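Enquirer: Model the structure of this input:
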Amino acid sequence: MTAPVLEEPPSTPTGPTDPAASEGAVAPGGDPSGRSKRRRRGGLSIQSKLLIMLLGVSILSALVTGLIGYVNATSSLKQAALNQLTSVRETRAAEITRVFANVRSAVVLGSSNQSAIDASTTFNAAFDELGTSTVPADRAAQLDSFYANTFVPQLDKQSGETYADNAFTPTTPAEQYLQSYYTAPYKLDYDKAIENQDAGDGSAWSAANAKYNGYFRDLVGNLNFDDALLLDTKGNVVYSAYKGTDLGSNVLTGPYKESVLSGHTSRFSRRTP
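Expert: Model prediction:
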């Protein structure tokens with residue numbers, strides 16, 4: 001019998017591995033191509049950053065340009081408005097100056113003609129005659145009622161102030177007489193008062209009014225004056241076209257002594273010899 005022959009298995013080499021032989025080896029989960037992938041970095045690229053910078057500069061330039069344009073436009077509009085207002089002011093001032101010049105000329109012409117001169121002389125004399133006159137009781141009561149129930153309430157309403165009933169009541173005989181016949185009966189209806197030519201009391205003042213009232217009525221109507229007054233050198237209002245509450249009053253010592261008319265009368269009186 002032949003005895004079995006035992007063969008040794010081929011031994012595994014333990015020496016260094018040949019680099020060439022290991023090139024074909026693939027690690028578990030590795031890249032079969034033999035090259036590891038590079039990890040990409042996060043963020044924007046340089047090109048994107050440049051575009052954003054250019055866009056930001058463009059927007060900033062547009063904002064600055066718009067702001068400069070807005071400021072310049074606002075300044076120009078303000079200057080244009082100021083120039084227009086200045087022009088309007090100068091135009092209005094010239095118109096007002098022209099109106100006052102025309103009024104002054106009309107007053108000078110109206111007061112220097114012979115009719116006005118004769119009227120002033122006649123009314124002054126007639127007013128002096130009323131210095132000792134007396135007012136009938138019924139007319140005196142009507143005058144007091146006019147001031148208490150008509151004039152003062154209207155004055156309080158328009159001025160916002162409160163005045164006593166007798167604050168403007170006439171005190172001199174001539175003032176009381178004229179207003180009792182020519183002012184109180186019309187209760188501030190000046191259109192009717194200016195038409196009254198003669199109260200029929202037989203006084204020299206009423207005769208003068210019948211003669212000259214038409215002249216002053218036309219003067220006031222044609223020139224749109226608020227009133228036409230005649231004053232003597234003492235400051236007495238000897239005539240009023242509309243026969244208001246200033247008729248017969250003294251603008252230097254009476255209730256209207258603080259008025260503009262009083263100031264002008266005072267300056268004129270100082271210049272009069």
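
Enquirer: Would you verify that F168 is located in a strand?
Expert: No - going by DSSP: H, G, I helix; E, B strand; the rest coil, the assignment for F168 is coil, not a strand.

Enquirer: any idea how far the nearest residue to it once chain neighbours are set aside is from S206?
Expert: If you skip the residues right next to it in sequence, F168 has P255 as its closest partner in space, 4.8 Å away by CB to CB, 6 or more residues apart in numbering. The C-beta positions use only the backbone N, C-alpha and C, and glycine is treated the same way. Between P255 and S206 the computed distance is 25 Å (CB to CB, to the nearest Å).

Enquirer: more crowded one of those two?
Expert: More crowded of P255 and S206, by other CB atoms under 10 Å: S206, with 20 against 17.

Enquirer: Now stretch 59-68: average pLDDT?
Expert: The average pLDDT for stretch 59-68 rounds to 87.

Enquirer: Residues contacting stretch 52-61, please?
Expert: Identification of contacts with stretch 52-61 by CB atoms under 8 Å, 6 or more residues apart in numbering yields L44.

Enquirer: how about that stretch as CSV, C-alpha atoms only?
Expert: Output in CSV follows, covering the C-alpha atoms of stretch 52-61 (Å, rounded to 0.1, in the frame of the first residue of the first chain):
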residue,chain,number,x,y,z
ILE,A,52,-23.5,92.9,-5.7
MET,A,53,-20.9,95.6,-5.0
LEU,A,54,-21.7,97.2,-8.4
LEU,A,55,-25.4,97.0,-7.8
GLY,A,56,-25.0,98.7,-4.3
VAL,A,57,-22.9,101.5,-5.7
SER,A,58,-25.5,102.1,-8.4
ILE,A,59,-28.4,102.2,-5.9
LEU,A,60,-26.4,104.6,-3.6
SER,A,61,-25.6,106.9,-6.6
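
Enquirer: mind listing what's buried in it?
Expert: Within stretch 52-61, no residue is scored as buried using 16 or more other CB atoms under 10 Å.

Enquirer: Past the top helix by length along the chain, which element shows up next along the chain?
Expert: Looking across the chain with DSSP state H, the single longest helix is helix 46-112. Where DSSP states H and E defines the elements, the next helix or strand beyond helix 46-112 is helix 114-129.

Enquirer: by contact count, what packs against that next one?
Expert: helix 204-223, strand 229-231, strand 237-240 (3 or more CB pairs under 8 Å, 6 or more residues apart in numbering; DSSP states H and E).

Enquirer: hmm, try it at 6 Å
Expert: helix 204-223, strand 237-240 (3 or more CB pairs under 6 Å, 6 or more residues apart in numbering; DSSP states H and E).

Enquirer: Nearest to L261, out of those?
Expert: Closest approach to L261 among those is made by strand 237-240 (8.7 Å; CB to CB).

Enquirer: got the contact list for L230?
Expert: Contact analysis of L230 by CB atoms under 6 Å, 6 or more residues apart in numbering lists 120, 123, 238-239.

Enquirer: burial measure for S87, as a count.
Expert: For S87, using other CB under 10 Å, the count is 10.

Enquirer: what does T169 give?
Expert: T169: 19 neighbours (other CB under 10 Å).

Enquirer: With adjacent residues omitted, what lies nearest to it?
Expert: Y147 (5.1 Å).

Enquirer: Could you check the angle the longest helix of the chain makes with helix 114-129?
Expert: 70 degrees (axes from the mean of the first three to the mean of the last three CA atoms, to 10 degrees).

Enquirer: Next, the angle from helix 46-112 to helix 204-223.
Expert: 150 degrees.

Enquirer: picking up where we left off before, for A106, state which of the contacts of L230 is nearest.
Expert: Using CB to CB, these come closest to A106 at S120, 16.9 Å.

Enquirer: How many residues are close by that closest one?
Expert: 17.

Enquirer: what do you get for T245?
Expert: So T245, with other CB under 10 Å, has 22 neighbours.

Enquirer: Likewise for F168?
Expert: Neighbours around F168, by other CB under 10 Å: 18.

Enquirer: per-residue pLDDT, it?
Expert: So, for F168, pLDDT stands at 91.

Enquirer: how about it, phi and psi?
Expert: phi -120, psi 10 (degrees, to the nearest 10).

Enquirer: That one reaches G254, doesn't it?
Expert: No - taking contacts as CB atoms under 6 Å, F168 lies outside contact range of G254: 8.6 Å.
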